[in-house]
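Engineer: Okay, predicted coordinates and the sequence, questions at the end:
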Amino acid sequence: MNIKSNLKRVVLLSGLVLTSNATAGAVTTGEFVLDFDEASLGNLGAQVVNVNWFDSVASADKTPQEMRETPAADSVPDSFAFKVFGASIPTPPVGLQERAPQVSTFKYEGDPTMGAGIIGLSGFHVISTLAGGMSIGDYGLSYDASRIGNAANSSGWLITNYHAFSLKSFDLTNVEMTIIDNENFSMTGDVVIADGLALMLSAEEGTDVGDFSFTTVVGADPVLDGSIANYSYTTNILTLPVLMSNGRTYAASFEANVLEGNKVALDLKNISSSSVMAVKHAMFDKETGIITMPLIMMLDNTGTRGNKVTATMKLEDGYFPARFILKTIDVITE
């Protein structure tokens, strides 16, 4: 089979083939990073200010009242990192007054937007307003397609506060999703005030108050640009968020395997159309079957950034959906 017809089959059929063979993913690890725009919060009618942040450890043995009564911190972090609760939650915080931590029940197959359940997030922040202090936490991240196109222009993804009472707090908009492998994904986008919190703060629903990143992969770098190609030593997955070919843009991921003679094969796992843009992006030449990758961020076993490399790989005939063989790899020196 020639290169052109092989790629055409991959692009047209890989979504069907990979979805039918996908394994169900259960989200019980990861991190949600919420980066507030403090100026936007301050411009709300309630003049909101984040005065304290309690991460998964600091909030584990405290009630919301105790957190609200803690003197305002001299400084709060630039962003809040909420760890994902697993299939169970330690005690405490279970049983503490007003606390309602959410066990992660979210499961999906292939496409996370077709999943169901809640991704429990650990951590609390305390805000001050003209009306007084307010604690927000025991969050749950979930997907609700009925919210798409609401007054907040939601993507369907939302954050709900569960402590004391259920309160739809933030809708997530302009979401860009990267499928890492059959059991892991990541997202980035904007955070806007949802209808429930808008009522509490006398704010306009849909007001943009920051941005976020989310990954199911433990230890992954939460600030890794979602447009940058990356390779994880933990999962052996090469992710190309931007793969250009014949004027079209795709997102693709490949699983690396070492063959005899130390050749490295990269087998296609997922491919789909993408709207992500990047200055340095992968290019597929249909005539030669070569993918050129000018920038790949290498992620070590803890998920943190390592070397940056440039690489090429070539399509090998006879495999479906597709197999590429690594041809060159060089460390980028800056």
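Structural biologist: The structure has been received and is ready for your questions.

Engineer: Can you mark which positions in the lengthiest strand in the chain are buried?
Structural biologist: What stands out as the longest strand in the chain, according to DSSP state E, is strand 167-181. Counting neighbours by 16 or more other Cβ atoms under 10 Å, one finds that the buried residues in strand 167-181 are 167-173, 175-181. C-beta: built from backbone N, CA, C; applies to glycine.

Engineer: Out of those, which one has the lowest pLDDT?
Structural biologist: Of all the buried residues of strand 167-181, Asp181 has the smallest pLDDT value, namely 73.

Engineer: I'd assumed Ser253 was in contact with it.
Structural biologist: Yes - between Asp181 and Ser253 a contact is recorded at 6.4 Å, counting by Cβ atoms under 8 Å.

Engineer: Please, which helix or strand holds the residue found closest to Phe170 once you drop the neighbours it is linked to in the chain?
Structural biologist: Nearest-residue entry for Phe170: Ile159, 4.2 Å, with adjacent residues in sequence omitted and distances by Cβ to Cβ, 6 or more residues apart in numbering. Assigned by DSSP states H and E, Ile159 belongs to strand 157-161.

Engineer: if we can go back for a sec, out of the buried residues of strand 167-181, which two sit at the greatest distance?
Structural biologist: Pairwise distances across the buried residues of strand 167-181 (Cβ to Cβ) peak at 33.7 Å, for the pair Leu167 and Asp181.

Engineer: for Leu240, phi and psi?
Structural biologist: When read as degrees, to the nearest 10, the backbone of Leu240 gives phi -110, psi 90.

Engineer: so it bridges to which residues?
Structural biologist: With DSSP bridges applied, Leu240 shows beta-bridge pairing to Ala252.

Engineer: now do Asp211
Structural biologist: According to DSSP bridges, beta-bridge pairing links Asp211 with Asp35, Asp190.

Engineer: residue contacts, it?
Structural biologist: Residues near Asp211 by Cβ atoms under 8 Å, 6 or more residues apart in numbering: Asp35, Asp37, Thr188, Gly189, Asp190, Val191.

Engineer: any idea how far Ile136 is from the first one?
Structural biologist: Spelled out, that is Asp35. 15 Å (Cβ to Cβ, to the nearest Å).

Engineer: re the thing from before, just curious, which of the contacts of Asp211 is nearest to Thr310?
Structural biologist: The closest of those, once distances to Thr310 are taken by Cβ to Cβ, is Thr188, at 23.8 Å.

Engineer: Helix or strand: which one has that closest one?
Structural biologist: Going by DSSP H and E, Thr188 is part of strand 184-193.

Engineer: Can I get the next helix-or-strand element following that strand as CSV, trimmed to CA atoms?
Structural biologist: Next helix or strand after strand 184-193 toward the C-terminus (DSSP H and E): helix 195-201. What follows is helix 195-201, C-alpha atoms only, in CSV (Å, rounded to 0.1, in the frame of the first residue of the first chain):
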residue,chain,number,x,y,z
ASP,A,195,-24.9,30.9,37.3
GLY,A,196,-24.8,29.7,40.9
LEU,A,197,-21.8,31.7,42.0
ALA,A,198,-22.9,34.7,39.9
LEU,A,199,-26.0,34.9,42.1
MET,A,200,-23.9,34.7,45.3
LEU,A,201,-21.5,37.4,44.1
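
Engineer: Many thanks, have a good one.
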